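1. Predicted model and sequence below, questions to follow.
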Amino acid sequence: MPCKQATLYIEQQNAADIAFFQRIRLKAHLISCKWCRAYSRKVQAMESMMKKMFTQNNPKKLNNTELQVFKEKLKERLK
């Protein structure tokens, strides 16, 4: 599986179920490709942070300082 296809499956993995054999191929690719593993971790980190942000009891629009704090936390977590 080429990396381009793997990144597509990584993004689809959380949004919708991918076929069983595609999931197996993706896992095999992630075992051998450190770049796609890193990408997968970053996608998961971003999704979990966004989920936390938008599932709070008080969903609101972020102001500039809150957005900047979010960006800094995200950068720190993705290192």
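-> In hand now; what should we look at?
2. mind checking the SS state of the most centrally placed residue in the chain?
-> The C-alpha lying nearest the average C-alpha coordinate of the chain belongs to Val43 (Cα atoms, centre = their mean; 1.4 Å). Applying DSSP: H, G, I helix; E, B strand; the rest coil to Val43 yields a three-state assignment of helix.
3. Could you check the pLDDT of it?
-> At Val43 the predicted local confidence, pLDDT, stands at 86.
4. name the element the residue lying closest to it once chain neighbours are set aside belongs to?
-> Closest residue to Val43 apart from its sequence neighbours, by Cβ to Cβ, 6 or more residues apart in numbering: Ile10 at 5.7 Å. Yep, even glycine has a C-beta here, placed from its N, CA and C like the rest. Assigned by DSSP states H and E, Ile10 falls within helix 3-15.
5. ok, now Asp17?
-> Secondary-structure element containing Asp17, defined by DSSP H and E: none, the residue being outside all helices and strands.
6. helices or strands next to the least confident helix or strand in the chain by mean pLDDT in the packing?
-> Every helix and strand of the chain was ranked by mean pLDDT, DSSP states H and E. The lowest is helix 64-78, at a mean of 74. Counting contacts by 3 or more Cβ pairs under 8 Å, 6 or more residues apart in numbering; DSSP states H and E, helix 64-78 packs against helix 34-54.
7. so Thr7 touches Arg37, yeah?
-> No: contact status for Thr7 versus Arg37: not in contact, 11.3 Å apart, counting by Cβ atoms under 8 Å.
8. quick one: Ala28 from Phe21, how far?
-> 11 Å (Cβ to Cβ, to the nearest Å).
9. neighbour count winner among the two?
-> The residue with more neighbours, out of Ala28 and Phe21, is Ala28; 12 against 8, by other Cβ atoms under 10 Å.
10. how many neighbours does Lys27 have?
-> Neighbour count of Lys27, defined by other Cβ under 10 Å: 10.
11. what pLDDT, on average, does whichever strand or helix holds it get?
-> Taking DSSP H and E as the definition, one finds Lys27 inside helix 20-32. Model confidence over helix 20-32 averages 90 on the pLDDT scale.
12. Buried residues, it. List them.
-> The neighbour-count criterion (16 or more other Cβ atoms under 10 Å) identifies Gln22, Arg25, Leu26, His29, Leu30 as the buried residues of helix 20-32.
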